[in-house]
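Engineer: Build me a model:
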Amino acid sequence: MKKFLAALLFAPALAFAAGASVHLDKAPDVQGDKAALQNGAKLFVNYCLSCHGASYVRYNRLTELGLTEQQIKENLMFTAEKIGEPMRIAARHTDQKQWFGATPPDLSLVARSRASHAGSGADWLYTYLRSFYRDDKRPTGWNNTVFENVGMPHVFWQLQGEQVKNAEAHKLELAVPGKLSPAEYDKQVADLVGFMVWMGEPGAGFRQKLGVGVLAFLVVLFGFSYALKKNYWKDVK
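Structural biologist: Residues are numbered from 1 along each chain as shown. Purely as a prediction, here's the structure:
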């Protein structure tokens, strides 16, 4: 139990909430890159699933990312026993509310719910996860330029390092380097965001391919229909 509670301290603690309108960086599109989505799934399980569930997604759907059921069971299933179970957290909601003051939200649809006029949900998440900075006035010691006074700690600080806010320049500066370079960290965040986008609509890729196929069929059908029409009316003056 102590080990589990210690793990929670390094996981997202509170719900995302609406923040002020800010510039959002464009998130890289990795939906066609199965290796990136697999890496995103690994990051989600290791860093997010301790507190945030994805209860609308079942583990067996991860086979659509190119993983076998055995790989999923051995590397990604830490809170479930059967491959068909949803990606739920181990902690009870009542316990989480008591520990954190609020129940961390389910992240199944977070990429879709964060879409706005300023950018897509992916853009919001990509910018948000790269915009944490040190703030001793906050209970967690962290704040965020996208979501001011956020209750969630920076769970990736060891990877990104510690940023500080330069009030005069109105930007963030890396004060303490992390395990990854800025470019490497951005790539990890892009993979994680890509996976959360996929979670929100796992069948999107299939529907897009189906849509292209239907349009191609209609183009061919139009060609045959036009040829038939010309042949039918060729003797009519």
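Engineer: Using neighbour counts, pick out the buried residues of stretch 27-44.
Structural biologist: Judged by neighbour count using 16 or more other C-beta atoms under 10 Å, the buried positions of stretch 27-44 are 27-28, 30-31, 33, 36-44. The C-beta positions use only the backbone N, C-alpha and C, and glycine is treated the same way.
Engineer: Give the buried residues for the longest helix belonging to the chain.
Structural biologist: As assigned by DSSP state H, the longest helix anywhere in the chain is helix 204-232. Buried residues in helix 204-232, counting neighbours by 16+ other C-beta under 10 Å, are absent.
Engineer: how far out from the middle of the chain is that helix?
Structural biologist: Relative to its parent chain, helix 204-232 has a centroid offset of 35 Å by C-alpha atoms, centre = their mean, to the nearest Å.
Engineer: Let me know the average pLDDT across it.
Structural biologist: Regarding helix 204-232, the rounded mean pLDDT is 79.
Engineer: same check, this time on stretch 179-195
Structural biologist: So the average pLDDT for stretch 179-195 ends up being 97.
Engineer: ditto for stretch 125-135
Structural biologist: Stretch 125-135 comes out at a mean pLDDT of 96.
Engineer: Quick one: distance of it to the chain centre.
Structural biologist: 14 Å.
Engineer: Alpha carbons of it, in PDB - could you do that?
Structural biologist: Presented in PDB, the C-alpha positions along stretch 125-135 are these (Å, rounded to 0.1, in the frame of the first residue of the first chain):
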ATOM      1  CA  LEU A 125      -2.400  18.600 -24.800                       C
ATOM      2  CA  TYR A 126       0.900  18.900 -26.700                       C
ATOM      3  CA  THR A 127       1.400  22.500 -25.500                       C
ATOM      4  CA  TYR A 128       0.100  21.800 -22.000                       C
ATOM      5  CA  LEU A 129       2.500  18.900 -21.400                       C
ATOM      6  CA  ARG A 130       5.500  21.100 -22.400                       C
ATOM      7  CA  SER A 131       4.500  24.200 -20.500                       C
ATOM      8  CA  PHE A 132       5.100  23.300 -16.800                       C
ATOM      9  CA  TYR A 133       7.300  25.500 -14.800                       C
ATOM     10  CA  ARG A 134       8.500  25.700 -11.200                       C
ATOM     11  CA  ASP A 135       6.300  27.800  -8.900                       C
END
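Engineer: which other residues reach it?
Structural biologist: Applying C-beta atoms under 8 Å, 6 or more residues apart in numbering, the external contacts of stretch 125-135 come out as 16, 22-28, 110-111, 114, 119, 141-147, 154, 156-157, 160, 162-165, 172, 175, 185-186, 189-190, 192-193, 196.
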